[in-house]
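1. predicted structure and sequence below. I'll ask about it afterward.
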Amino acid sequence: MHPNLLDQLLVFDTIAELGSFSAASKKLNRTVSAITYTIGQLETQLGLTLFDRSGYRPVLTDEGQSLRRDAEIISRRIERLSARADDLKRSISVNPTILVEPIFPRAPLARALAAFSQSRPQIQISVMETPSIRIIHDLADGKGDLVLFALSDLMPMRNFDGRQLAIRGSLPVASPSHPLAKAPAPFPLSELDNHRQIILSGMALDQRTYNYHVHVTDLWAVNSVSILHELVREGIGWAYMFHDQVAEDLASGRLVELNCADIHDWAVSRFSGAWRTNHPPDEALVELMDLIQQACETGPGTTTLNIAR
């Protein structure tokens, strides 16, 4: 491989992208003659004519079109390599691992990650769904750089710091075919005792977490939000779910909110980001948390709650 091949491909891709030698010279901060010489050298080495220069603007030949995609990929990787090297010099992690609790709002997280990938394309993130009962322990063991979870008084937070990202309200829901959906409304809290409740394992109802207490003898526990969602849709039981998880189902009628006389306020979860005190987030992870918070505050299905923060 010619020692200047990577640079030549970068110049080739820039000309193809901008449509002229002069525009490429400005972007790359080189003279037009230097750009012309570099492309001439590349064409000589390849034995191909990449641009038709007979007109006012250079036009890719068939051979140039065939090589453009490969050159574009190589150029982007060169740019990413340079950006990653800059991040390493500034002590920014280029391969962070994010541990995500199953109930963490997925839609705003996806929107935030999409925005993050645009602003920092050089960073490669690993996103790992981690059970609630294990997520803080995995963080302590160094298996992640950041956790996204619902803050609970039951979780050991010694040696950790964090910040609140979102407040979410949950509500009791069931299939329209479920007996509770057909019960005279509003029905008493005690009526819930007579019907199967479906919960996420490790997330059993707790009086310290909610403003009311429900005793259910017929309890199913699952370890997946999607499985819980499907079981409720099928009428197998009722469940507490976050509003943005079921907003579409409520709108379409696939699920209904249960009208219980003794439940006056939605159960509230405070979703947070947390990290080890001795391993604080770098500027990239801070930016990601900012994006998640913004997405949670502005996205569809957002719950507005009058809660003192």
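-> That came through, no problem. As the structure is a computational prediction, the values presented were derived from the model and not from experiment.
2. hang on, residue 268 in a helix?
-> No. Using DSSP: H, G, I helix; E, B strand; the rest coil, the assignment for residue 268 is strand, not a helix.
3. excluding its backbone neighbours, what's nearest it?
-> residue 169 (5.7 Å; C-beta to C-beta, 6 or more residues apart in numbering). All C-beta spots, glycine's among them, are computed from the backbone N, C-alpha and C.
4. what packs against the one helix or strand the one you found maps to?
-> Here residue 169 sits within strand 160-174, counting by DSSP states H and E. Packing partners of strand 160-174 (3 or more C-beta pairs under 8 Å, 6 or more residues apart in numbering; DSSP states H and E): helix 135-140, strand 146-151, strand 239-242, helix 243-252, strand 256-257, strand 267-276, helix 283-298.
5. okay, the ones you listed in JSON lines with distance to residue 198 and mean neighbour count next?
-> Output for the helices and strands packed on strand 160-174, formatted as JSON lines (distance: least, C-beta to C-beta, whole Å; neighbours: other C-beta atoms under 10 Å):
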{"stretch": "helix 135-140", "distance to residue 198": "21", "mean neighbour count": "19"}
{"stretch": "strand 146-151", "distance to residue 198": "17", "mean neighbour count": "23"}
{"stretch": "strand 239-242", "distance to residue 198": "4", "mean neighbour count": "24"}
{"stretch": "helix 243-252", "distance to residue 198": "13", "mean neighbour count": "17"}
{"stretch": "strand 256-257", "distance to residue 198": "15", "mean neighbour count": "18"}
{"stretch": "strand 267-276", "distance to residue 198": "15", "mean neighbour count": "20"}
{"stretch": "helix 283-298", "distance to residue 198": "25", "mean neighbour count": "18"}
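6. which one of the ones you listed lies closest to residue 28?
-> With C-beta to C-beta as the measure, helix 283-298 is the member of the helices and strands packed on strand 160-174 nearest residue 28 (26.7 Å).
7. now do the closest one: which elements does it pack against?
-> helix 106-119, strand 146-151, strand 160-174, strand 267-276.
8. go through the ones you listed and name the closest to residue 296.
-> strand 160-174 (3.5 Å).
9. determine the longest helix present in this protein.
-> Assignment by DSSP state H gives helix 62-89 as the longest helix of the chain.
10. touching the next helix or strand after it from outside, list them.
-> Using DSSP H and E, the helix or strand that follows helix 62-89 towards the C-terminus is strand 97-100. Strand 97-100 is contacted from outside by 109, 125-130, 135, 138-139, 143-149, 288, using C-beta atoms under 8 Å, 6 or more residues apart in numbering.
11. could you list every residue that touches residue 72?
-> For residue 72, the contact set (C-beta under 8 Å, 6+ apart) comprises 13, 16-17.
12. repeat that for residue 104.
-> Neighbours of residue 104 in contact, by C-beta under 8 Å, 6+ apart: 148-150, 271.
13. check it and give its pLDDT.
-> Per-residue confidence (pLDDT) for residue 104: 89.
14. the one 3 residues further on too?
-> If you check residue 107, the pLDDT there is 87.
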